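*Asks:* Let me see the structure of the following:
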Amino acid sequence: MVEVSREALLEALETYWGSREFRPLQQEVIEAVLAGRDAAVVMPTGGGKSLCYQMPALFLPGTAVVVSPLIALMKDQVEQLNRRGIPSAALNSATPYPEQRRILDQTRAGNVRLLYLAPERLLRDDTVELVRRIPVCYWAIDEAHCISEWGHEFRPDYRRLTELREWHPRAPIMALTASATQRVRHDMLAQLRMADAARFIRSFERKNLRYLARRTEGDLQWRLLEAALQAHSGSSVIVYASTIAVVEQTAEKLSGRGIPAAAYHAQMPAELRRSAQEQWMAGLPSVLVGTIAFGMGIDKPDVRAVIHLSLPKSIEQYYQEAGRAGRDGELSDCLLAWKGRDAGVLAHFIQQTADEVERRRAWERYHDIRNYAESAQCRHVAICRHFGQPARSRVCGMCDVCGAAPEWFVEAEEAQRPARARRRRDRRTAEPRFDAGPVTDPAPHARERRPRKAPAPESVVAGSEALFEKLRTWRLAIARRDQMPPYIVFHDSTLRAIASLRPAAPGALAAISGVGSRKVERYGAEVLQLVREETGG
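*Replies:* Down below sits the predicted model:
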């Protein structure tokens, strides 16, 4: 148990993370762990869970052990922490043997603040021996819903994490997740023996996300995809497809239509996957078409749209993937454009499930996501209720059901209606389905929620944009030199703030959100030189 003042926490936040204020519940979670309490943390994707389990390690003696199933997340977070001056390391199947020996030696010597482990690696005999011998200040279990058989991503290796309490009885346990229903949360805490845990649950409503869903016929899916990409031209977009073949076909077709797109799937060579991801992170190209293998652990705040071209297996999966949009709080679109055959494919694979209990759970998830996709209920309310958050029926102004469909969505549907009507006349019978049809907008003001800004002089706008592009070019060179994703250097939002504010001194640069004193030490001289060159100073 360690007492740390709010001032000390804020100083660490600004020094290491370049931020001046905590997001909702972050400070409370950190204080609970510093006080020696177990903590159950449920925050949406982009809500700031990683800071909750990283910052306490700055103040507590010993090593914090982070259990995560995501190798990409481990790699990115360890790189970021080390560049912030917080000694960290990761052990997983991708770690070369000589590097493993070095990490083990450094950990035994007490030189590692945060040690990231995959659950499979943690449960190896040699790792168990290591963690039982070192002073573990707390355990952080990321993606903790994986421990529950009721969850959509159950992993048997997570079940053995019940042994953590025996290895270090006094070390607090943090269980963190973005997508756990009430039943999964209860099972999660029971499995980890966290009876007296402090519980922190953020709202599941992402108010800046506009949810759109439609069952598509004919070429409506492609019309909606093209319309969405044109509406978000130049912005970062993720397109999810169900199979590798569809991923490759879609990426190729988009590129042929003048919309540069990269493909990403598990059968690509590792180097090609890494290159596709890094180029997309840098904004070239702006569209990435992938299977569900893409996105786990990716921290890109400015994704303006996530588009699904097939029905996901569960609401949890959809919420997690769609939630990769709008992590910076700006208006973003989440489009689910599915086909009737998607439901048939899901049903077929469920029928092939040998285990009767798991088959029943899969059917529950199937009916939940099907109801969400076809319901006439507000989509924000439907998601909140699914996760056990009370929500009153209302007009949210941020989903198609509530009349907030954007123009590109409406126009793509209208263009399809004549052909759809002809097909319906030709059919003798029609499969029952929900069709929202034209919706009277009960909240016209909510059709486009992005705040209007006063127009700036053209010279200022052009100058800021030119400086922003120069900063992006510089960032890409730094990222390639140091072999890391560009966003680890600076996020786009930070570069835009620099381009707009044009700081002239290190202190002014450090005050910009996302910079902080550590990055001023590393990059400040180069950034300020670029600003001076652009401003003629």
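*Asks:* what ranges of the stretch 151-300 of the chain fall below the confidence cut-off?
*Replies:* For the stretch 151-300 of the chain, the stretches with pLDDT under 70 are 296-297.
*Asks:* All the helices of it, in order from the start?
*Replies:* Assigned by DSSP state H, counting those that start in this stretch, the helices in the stretch 151-300 of the chain fall at 156-159, 164-167, 182-191, 220-231, 244-256, 270-281.
*Asks:* Point out the one among those that comes closest to residue 528.
*Replies:* Set against residue 528 and scored by C-beta to C-beta, the helices of the stretch 151-300 of the chain come closest in helix 270-281, at 24.5 Å. All C-beta atoms are positioned from the backbone trio N, CA, C, and that covers glycine.
*Asks:* Can you spell out which helices and strands pack onto that closest one?
*Replies:* Applying 3 or more C-beta pairs under 8 Å, 6 or more residues apart in numbering; DSSP states H and E, one finds that helix 270-281 contacts strand 261-264, strand 287-290, helix 486-489.
*Asks:* could the ones you listed be laid out in CSV, adding mean neighbour count?
*Replies:* Below are those laid out as CSV (neighbours: other C-beta atoms under 10 Å):
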stretch, mean neighbour count
strand 261-264, 23
strand 287-290, 26
helix 486-489, 21
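*Asks:* Distance to residue 350 for those - can I get that in TSV?
*Replies:* Output for the helices and strands packed on helix 270-281, formatted as TSV (distance: least, C-beta to C-beta, whole Å):
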stretch	distance to residue 350
strand 261-264	26
strand 287-290	24
helix 486-489	37
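*Asks:* Out of the ones you listed, which is closest to residue 382?
*Replies:* Minimum separation from residue 382 across the helices and strands packed on helix 270-281 (C-beta to C-beta) falls at strand 287-290, 25.7 Å.
*Asks:* thought residue 254 was touching residue 286?
*Replies:* No - using C-beta atoms under 8 Å as the test, residue 254 is too far from residue 286 to be in contact (10.7 Å).
*Asks:* circling back: for the helices of the stretch 151-300 of the chain, which one sits closest to residue 207?
*Replies:* helix 220-231 (20.0 Å).
*Asks:* okay, the angle between the closest one and helix 244-256?
*Replies:* Angle between the axes of helix 220-231 and helix 244-256 is 50 degrees (criterion: axes from the mean of the first three to the mean of the last three C-alpha atoms, to 10 degrees).
*Asks:* Mind giving me the packing neighbours of helix 220-231?
*Replies:* Contacts defined by 3+ C-beta pairs under 8 Å, 6+ apart place helix 220-231 against strand 236-240, strand 303-308, strand 332-338, helix 407-426.
*Asks:* Please convert these to TSV, extending it with mean neighbour count and distance to residue 276.
*Replies:* Output for those, formatted as TSV (neighbours: other C-beta atoms under 10 Å; distance: least, C-beta to C-beta, whole Å):
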stretch	mean neighbour count	distance to residue 276
strand 236-240	26	12
strand 303-308	24	15
strand 332-338	25	22
helix 407-426	14	26
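*Asks:* Serialize the ones you listed to CSV and add fields for distance to residue 182.
*Replies:* Output for the helices and strands packed on helix 220-231, formatted as CSV (distance: least, C-beta to C-beta, whole Å):
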stretch, distance to residue 182
strand 236-240, 27
strand 303-308, 25
strand 332-338, 23
helix 407-426, 32
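*Asks:* re the thing from before, the helices and strands packed on helix 270-281: which one's closest to residue 233?
*Replies:* Comparing the helices and strands packed on helix 270-281 against residue 233 with C-beta to C-beta, the closest turns out to be strand 287-290 (9.7 Å).
*Asks:* Next, the residues that contact the closest one from outside, please.
*Replies:* For strand 287-290, contacts defined as C-beta atoms under 8 Å, 6 or more residues apart in numbering pick out 229, 237-241, 247, 250-251, 254, 259-265, 276-277, 280, 294.
*Asks:* Give me the helix or strand of this structure that scores worst on average pLDDT.
*Replies:* Ranked by mean pLDDT, DSSP states H and E, the weakest helix or strand in the chain is helix 407-426, scoring a mean of 71.
*Asks:* how near is residue 531 to residue 468?
*Replies:* Separation of residue 531 from residue 468 (C-beta to C-beta, to the nearest Å): 11 Å.
*Asks:* These two: which has the busier surroundings?
*Replies:* Comparing residue 531 with residue 468 by other C-beta atoms under 10 Å, the one with more neighbours is residue 531, at 21 against 18.
*Asks:* list the helices and strands the helix or strand where the more buried one lies packs on?
*Replies:* Using DSSP states H and E, residue 531 maps to helix 516-535. Under the contact criterion of 3+ C-beta pairs under 8 Å, 6+ apart, helix 516-535 touches helix 6-17, helix 458-482, helix 506-510.
*Asks:* list the buried ones in that helix?
*Replies:* For helix 516-535, a neighbour-count test (16 or more other C-beta atoms under 10 Å) marks 516-520, 523-524, 527-528, 530-531, 534 as buried.
*Asks:* which one of those sits closest to residue 65?
*Replies:* Taking C-beta to C-beta as the measure, residue 65 lies nearest residue 518 of the buried residues of helix 516-535, at 23.9 Å.
*Asks:* Now do the same contact list for that closest one.
*Replies:* Residue 518 neighbours (C-beta under 8 Å, 6+ apart): 15-16, 18, 83-85.
*Asks:* Please list only the buried members of those residues.
*Replies:* For the contacts of residue 518, a burial check counting by 16+ other C-beta under 10 Å picks out 16, 18, 83-84.
*Asks:* if we take these, which one ends up nearest to residue 498?
*Replies:* Nearest to residue 498 among the buried ones among the contacts of residue 518, with distances taken as C-beta to C-beta, is residue 18, at 11.7 Å.
*Asks:* And for that closest one, nearest residue in space, chain neighbours not counted?
*Replies:* Among residues not flanking residue 18 along the chain, residue 516 sits closest, at 3.1 Å (C-beta to C-beta, 6 or more residues apart in numbering).
*Asks:* And residue 147, by the same measure?
*Replies:* residue 158 (4.0 Å).
*Asks:* Could you identify the most distant pair in the buried ones among the contacts of residue 518?
*Replies:* Distance extremes for those: the farthest pair is 18 and 83 at 11.6 Å, using C-beta to C-beta.
*Asks:* picking that back up, pLDDT and distance to residue 345 for the buried ones among the contacts of residue 518 - can I get that in JSON lines?
*Replies:* Formatted as JSON lines, these follow (pLDDT from 0 to 100; distance: C-beta to C-beta, whole Å):
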{"residue": "16", "pLDDT": "93", "distance to residue 345": "46"}
{"residue": "18", "pLDDT": "89", "distance to residue 345": "45"}
{"residue": "83", "pLDDT": "90", "distance to residue 345": "43"}
{"residue": "84", "pLDDT": "91", "distance to residue 345": "44"}
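*Asks:* Would you reformat those residues as TSV and include distance to residue 9?
*Replies:* What follows is the buried ones among the contacts of residue 518, written out as TSV (distance: C-beta to C-beta, whole Å):
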residue	distance to residue 9
16	11
18	15
83	21
84	15
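*Asks:* Quick one: residues contacting residue 497.
*Replies:* With contact set as C-beta under 8 Å, 6+ apart, residue 497 has these partners: 512-514.
*Asks:* buried subset of those residues?
*Replies:* 512, 514.
*Asks:* Looking at the contacts of residue 497, which are in helices?
*Replies:* The helices, defined by DSSP state H, take in nothing from these.
*Asks:* closest to residue 117 among the contacts of residue 497?
*Replies:* So of the contacts of residue 497, ranked by how close each gets to residue 117 (C-beta to C-beta), first place is residue 514, at 28.5 Å.
*Asks:* On the pLDDT front, check the closest one for me.
*Replies:* Among the per-residue scores, residue 514 holds a pLDDT of 84.
*Asks:* domains of the protein?
*Replies:* Domain assignment for the chain, taken from automatic domain parsing, gives 6-201, 209-424, 458-535.
*Asks:* how many neighbours does the spatially closest residue to residue 484 that is not a sequence neighbour have?
*Replies:* The spatially closest residue to residue 484, leaving aside those adjacent along the chain, is residue 79, at 5.3 Å (C-beta to C-beta, 6+ apart). If you count neighbours by other C-beta under 10 Å, residue 79 ends up with 17.
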